[in-house]
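Q: model the following, please.
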Amino acid sequence: MSAANPGSPSRQVTEAGELAGVVAVVTGASTGIGLACAEELVRAGAAVVLCARGAARLDAAAASLVATGTRVRAIPADVSVPAEVARVFTAADEWGGATAVVHAAAILGPIGPMVGTDPGRWFEAIRVNLLGTQIVAAEGARRMMTRACRGAIVLFSGGGGGYAFPNYTAYACSKVAVVRLAETLAQELAPHGIRVNSLAPGFVATRMHEETLRAGEVAGKEYLERTRAELAKGGTPASVAARAVRFLVSPRAAGITGRFVSAPWDGWERWPEHRAEFEALPELFTLRRIVPKDRGKDWQ
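A: Next up, the predicted model:
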């Protein structure tokens, strides 16, 4: 019998129930990428606890998902406040506890040259984006470890995660730190069977890019022009990152942990075919320092 093609009924049935039994906590889930991830997980059969700061939008998002018949709850929370994050995971405990964590909540922070940036606003971006990530990841991991269950954590990175991002230093620093956090936490949690990966969604049209347009030339002429051009084309669909999230929390991603994944570019759909190579080359899809000998030079 030939293998089912991606559009065949058998493949669709398999994917529809792929995450049955999974309980996922999704932050930043009221709009944009976070909501797209929640929608994708629900389609795959997961029960989902949605988290975001704005209660009205969050309730609307939950209502749109409840219509599918899957278990969905909305818990307003600020990810940088430990007690509020704990409340989100306690809600998931009512369904047996979270086995997947998708952390998409973030803010852009101040835009413009760092030397003219207000330190308070700069630190606030670090507090929300990095400390918030640490709080969510730690709370999720702690509860998985307590229940001795295997699980998966996906932490969203983004602009600045893999390259310099001038005029967005707070955002860039927070996001590259998220990548290293994921790599390090993956090693700490490996003995517990918990996978941790970071994910860059690509240039998705979100409210953050609206902030760039409002900032104007202070964002940097080149990046401002790129933003306008990407938005004119529609950007990368949020569904691309959502499908990557679905893969990373699914059994198909078994053994894949500590990786920095670009949703639009890395061909993650075929990674299960290369599992042995991932095991042999732990540096694949990670942040590493490049030295002269890596480029065939002998002057180091």
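
Q: how about Cys37, what does it touch?
A: Applying Cβ atoms under 8 Å, 6 or more residues apart in numbering, we find Cys37 in contact with 26, 29, 102, 104, 241-242, 245-246. Placement of C-beta: from N, CA and C, glycine included.

Q: would a markdown table of these with distance to Ala56 be doable?
A: Putting the contacts of Cys37 into a markdown table (distance: Cβ to Cβ, whole Å) gives the following:
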| residue | distance to Ala56 |
| --- | --- |
| Val26 | 18 |
| Ala29 | 14 |
| Val102 | 22 |
| Ala104 | 19 |
| Ala241 | 24 |
| Ala242 | 23 |
| Val245 | 25 |
| Arg246 | 27 |
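
Q: most neighbours among the residues you listed, please name it.
A: Val102 (35 neighbours; other Cβ atoms under 10 Å).

Q: my guess is that residue meets Arg246, correct?
A: No. Assessed by Cβ atoms under 8 Å, Val102 is found out of contact with Arg246, at 9.5 Å.

Q: tell me which two in the contacts of Cys37 are the farthest apart.
A: Greatest spatial distance among these (Cβ to Cβ): Ala29 and Arg246, at 14.4 Å.

Q: pLDDT weak spots in the stretch 1-150 of the chain?
A: 1-16, 67-69 (pLDDT under 70).

Q: for it, just list every one of the strands.
A: 23-27, 47-52, 72-76, 100-103 (DSSP state E, counting those that start in this stretch).

Q: number of residues surrounding Pro191?
A: For Pro191, the neighbour count with other Cβ under 10 Å is 8.

Q: what touches both of Val102 and Arg246?
A: Counting by Cβ under 8 Å, 6+ apart, the residues touching both Val102 and Arg246 are 37, 41.

Q: mind listing what the residue nearest to Glu84 when sequence neighbours are not counted touches?
A: Nearest residue to Glu84, sequence neighbours excluded (Cβ to Cβ, 6 or more residues apart in numbering): Ala77, at 3.8 Å. Contact partners of Ala77, counting by Cβ under 8 Å, 6+ apart, are 27, 51-53, 84-85, 87-88.

Q: by neighbours, which of those residues wins?
A: Of the contacts of Ala77, with other Cβ under 10 Å as the count, Cys51 tops at 33 neighbours.

Q: what bridges to it?
A: When bridges are called by DSSP bridges, Cys51 pairs up with Thr27, Ile75.

Q: so it makes contact with Ala105?
A: Yes. Cys51 is within contact range of Ala105, at 7.2 Å (criterion: Cβ under 8 Å).

Q: overlap in contacts of these two?
A: 27-28, 79.

Q: of those residues, closest to Ser262?
A: Looking across the shared contacts of Cys51 and Ala105 and measuring by Cβ to Cβ, the closest to Ser262 is Gly28, at 18.9 Å.

Q: please consider this matter closed, and thank you.
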